[in-house]
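Participant: structure, please.
(one chain, ligands or ions: 1)
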Amino acid sequence: MPYLEIIQEPPTGGGVEHALFDFDGTVSLIREGWEKIMAPVMYESIAPGQEPTPALRQEVLEFIDESTGIQTILQMEHLVEMVRAAGNVPEDQILDAQGYKDIYIGRLREVIKDTVAALEAGEADPAEHRVPGSLEFIQHLSERGVTLYVASGTDQPDVRREAACVGIADLIDGGIFGALRTYKDFSKEVFIRELLEKHELAGPELVVFGDGPVEIRLAHQAGAIAVGVGSSPERDSVPDPARRERLIKAGAHLIIPDFSRWPELLDYLGLEGAPD
Ligand SMILES: [Mg+2]
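Facilitator: Numbering: from 1, shown residues only. I've put the predicted structure just below:
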């Protein structure tokens, strides 16, 4: 399998001027494995005190896969519906989406807090918590005058903090955005639409990088170049097969396992020349 897999020809027209990165799983590995924390929260909420059945496991894992990239609170809104539909929990004991989110985020924080603290104290190597080549690729885009953005479904203060931890925050000159308390005020969909409108872009001037079907689908629909990052947990520069499949289904033009061979990517995007 080549490093840069062309699934379908991306739209052409303008040169790339803007690049939008999803954060978790695309640039940062700090929250790697979040799915393994969310899934048990869902099993326990839907069928408390029971061993999850194979059907429940499948339903939950499929939902998590498909919703990767949307805001956590929206995933939890769906969980509320699943809890209600399963009928195992009396109505007055069903939490709201924020209640389930608090449980999930509490557990996730517990898992990542030592990593974040070590990174902030300069005691851990940020490169070990980044998707390979991501910093180098971002640096080169920045040198070529591409405006850079991060948009994440994770809460905004956390994304900003963790972007600093992995060493990319200062390079992201277009802004780092995440979920807000008034969560209806931020979505990747609105973000992409407003970006295109604000800069009067036709589409191909924007390239979107993401490991979730959500941002890839939105990028494709908006006429931007959609690059699926299929980084596997093994970090072996081979795309995870299931993730690759989902990204292709969502409309990815290109698939890369990570940014390890970033010069090829720059070249493909027409940005290989020395910065002027
Ligand atoms: Mg992601």
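Participant: what is the subsequent helix or strand relative to the helix or strand containing Leu218?
Facilitator: Using DSSP states H and E, Leu218 maps to helix 213-221. Of the helices and strands lying after helix 213-221 in sequence (DSSP H and E), the nearest is strand 225-229.
Participant: report the mean confidence score over that next one.
Facilitator: Across strand 225-229, pLDDT averages out at 97.
Participant: list the buried ones in that strand?
Facilitator: 225-229 (16 or more other C-beta atoms under 10 Å). Heads up, the C-betas are built off the backbone N, CA and C, glycines and all.
Participant: now the angle from the helix holding Leu218 to strand 225-229?
Facilitator: Interaxial angle, helix 213-221 versus strand 225-229 (axes from the mean of the first three to the mean of the last three C-alpha atoms, to 10 degrees): 160 degrees.
Participant: what does the chain put close to the ion?
Facilitator: Proximity of the chain to the ion, by C-beta under 5 Å from the ion, involves residues 22, 24-25, 211-212.
Participant: for Val208, helix, strand, or coil?
Facilitator: Taken by DSSP: H, G, I helix; E, B strand; the rest coil, the conformation at Val208 corresponds to strand.
Participant: confidence score at the nearest residue to it once chain neighbours are set aside?
Facilitator: Distance criterion C-beta to C-beta, 6 or more residues apart in numbering; nearest residue to Val208, sequence neighbours excluded, is Ala219 at 3.5 Å. On the pLDDT scale, Ala219 is placed at 95.
Participant: surely Ala219 meets Pro213?
Facilitator: No - using C-beta atoms under 8 Å, Ala219 is not in contact with Pro213; the gap is 10.7 Å.
Participant: looking at the two, which is more packed in?
Facilitator: Ala219 (29 against 23; other C-beta atoms under 10 Å).
Participant: for Leu108, what are its contacts?
Facilitator: 31, 34, 37-38 (C-beta atoms under 8 Å, 6 or more residues apart in numbering).
Participant: regarding it, what is its secondary structure?
Facilitator: Applying three-state DSSP: Leu108 is helix.
Participant: return the helix or strand in the protein with minimum mean pLDDT.
Facilitator: The least trusted helix or strand in the chain, going by mean pLDDT, DSSP states H and E, turns out to be helix 188-198, with a mean of 90.
Participant: burial count for Gly33?
Facilitator: Close neighbours of Gly33, defined as other C-beta under 10 Å, add up to 12.
Participant: hang on, I meant Ser67
Facilitator: Neighbours around Ser67, by other C-beta under 10 Å: 18.
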